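Participant: I'll drop the sequence and a predicted model, then ask my questions.
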Amino acid sequence: MKYFAVIGHPVAHSRSPIIHQAFAKQFGHEIAYARLHAAPGGFADVLAAFQAAGGHGVNVTLPFKIEAYAICSEVSNRAKSAAAVNTIAFSKGELIGDNTDGLGLVDDLSGRLGLRLEGLSVLICGAGGATRGVIAPLFEAGCRHIRVVNRDVQKAKQLCIDINNVPHHEALDACSYSDLQTLKSSQGFDVLINATSAGLAGQRLDVPDAMFAKSRLAYDMVYAAKPTVFMQQAMHAGCAESSDGLGMLVGQAAHAYALWHGVMPQTAQVYKDLRAAIDGQ
Ligand code: ATR
């Protein structure tokens, strides 16, 4: 039996135990996967106690991904460019950190949603940790141009400066929502991604309707039983397709599973089962 956990605050809502147990079933692995709550400031202690008790690895969720990055003795290039860690493997007493969020997004876009990412231009709304985690994998998957739009445009510009170890990072730039209003109609984006917390407060984003109408897909990193505010906004504006982030959640878990166990699980049925469970609630 191998022991895993997700650490967060809050963490009671986390679907990670269900997803990892479904993956384990595919291979006949025996794992235990717990939800561990850490109070703000308590992440390092919870992590150390789990490691000392014989844990094999943890997933890290909000708000500890940046702290997890700082605490790891070794981190992947992906985690470096994100400056955040969502997966830790305990290896010979060391903490090895990675970030699988962007891989989960790329897999969901190119797998379940069937998008060819080569040459696409992407607009990401928001300049927080969620955005930081996905930029390098999107470029690595072939995206041609990524623009980050944020209310606080300085934060978006800083993010572009920070992410300097990404190939083609010159094709990464930042703007404000008012800049979007003045773009010519020819300057549309193939994919619009919501990485803000606006929807959690029921708020729409100041993205022009014409921009939604021109894009092939509006993708919300958040997931919910009903279409999110961002998805509704996109569909009303005439966007061809919209999706929430449930597939990204399953995808990031699959890559974490592969790091820990050395085998890549199938995600399609796990996604379907989870979708049915969430939508039926
Ligand atoms: P995370 O780490 O999950 O990305 P975060 O660092 O708190 O979270 O970032 C939240 C993002 O949502 C920020 O980009 C924030 O914009 P500002 O930096 O301008 O505050 C964005 N955000 C939150 N509410 C928003 C709203 N109503 N409209 C637009 N952007 C919003």
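Facilitator: Structure's in. What do you need? Being a predicted model, the structure only gives us computed values, none of them experimental.
Participant: and V6, what does it touch?
Facilitator: Residues near V6 by Cβ atoms under 8 Å, 6 or more residues apart in numbering: 14, 16-17, 33-36, 58-61. Where you see a C-beta, it was placed from the backbone N, CA and C, and this is true even at glycine.
Participant: which residues does the residue located most distally from the centre of the chain contact?
Facilitator: Residue farthest from the centre of the chain, counting by Cα atoms, centre = their mean, is K184 at 29.8 Å. Shown in contact with K184 (Cβ under 8 Å, 6+ apart): no residues.
Participant: could you find the closest non-adjacent residue to I278?
Facilitator: Nearest non-adjacent residue to I278, counting by Cβ to Cβ, 6 or more residues apart in numbering: A225, 5.3 Å away.
Participant: what about the residue of the chain found nearest the ligand, distance to L47?
Facilitator: Ranked by Cβ to the nearest ligand atom, the top residue of the chain for proximity to the ligand is G128, at 2.3 Å. Distance, G128 to L47, by Cβ to Cβ, to the nearest Å: 22 Å.
Participant: which of those two has more neighbours?
Facilitator: The neighbour count for G128 versus L47, taken as other Cβ atoms under 10 Å, is higher for L47 (24 against 14).
Participant: surely I135 and L105 touch.
Facilitator: No: if you go by Cβ atoms under 8 Å, I135 and L105 don't touch, sitting 10.3 Å apart.
Participant: rewinding a little: of the contacts of V6, buried ones?
Facilitator: When the contacts of V6 are checked for burial by 16 or more other Cβ atoms under 10 Å, the buried set is 14, 16-17, 33, 35-36, 58-61.
Participant: the ligand contacts on the stretch 51-200 of the chain?
Facilitator: On the criterion Cβ under 6 Å from any ligand atom, the ligand has as its neighbours in the stretch 51-200 of the chain the residues 126-130, 150-152, 155, 195-198.
Participant: and the least confident of these?
Facilitator: Among these, G129 carries the lowest pLDDT, at 88.
Participant: where in the stretch 51-200 of the chain is pLDDT low?
Facilitator: 165-169, 185-186 (pLDDT under 70).
Participant: in it, which spans are helices?
Facilitator: 65-71, 77-82, 101-107, 129-132, 135-140, 153-162, 177-182 (DSSP state H, counting those that start in this stretch).
Participant: out of these, nearest to A253?
Facilitator: helix 101-107 (7.3 Å; Cβ to Cβ).
Participant: what's the closest one packed up against?
Facilitator: Secondary-structure packing of helix 101-107 (3 or more Cβ pairs under 8 Å, 6 or more residues apart in numbering; DSSP states H and E): helix 77-82, helix 135-140, helix 246-261.
Participant: format those as TSV; extra columns: mean neighbour count.
Facilitator: Output for the helices and strands packed on helix 101-107, formatted as TSV (neighbours: other Cβ atoms under 10 Å):
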stretch	mean neighbour count
helix 77-82	22
helix 135-140	23
helix 246-261	24
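Participant: and those helices: which comes nearest P208?
Facilitator: Using Cβ to Cβ, these put helix 135-140 closest to P208, at 22.2 Å.
Participant: packing partners for the closest one?
Facilitator: By 3+ Cβ pairs under 8 Å, 6+ apart, helix 135-140 packs against helix 77-82, helix 101-107, strand 145-149.
Participant: neighbours around L172, how many?
Facilitator: 23.
Participant: show me what it is bridged to.
Facilitator: I146 (DSSP bridges).
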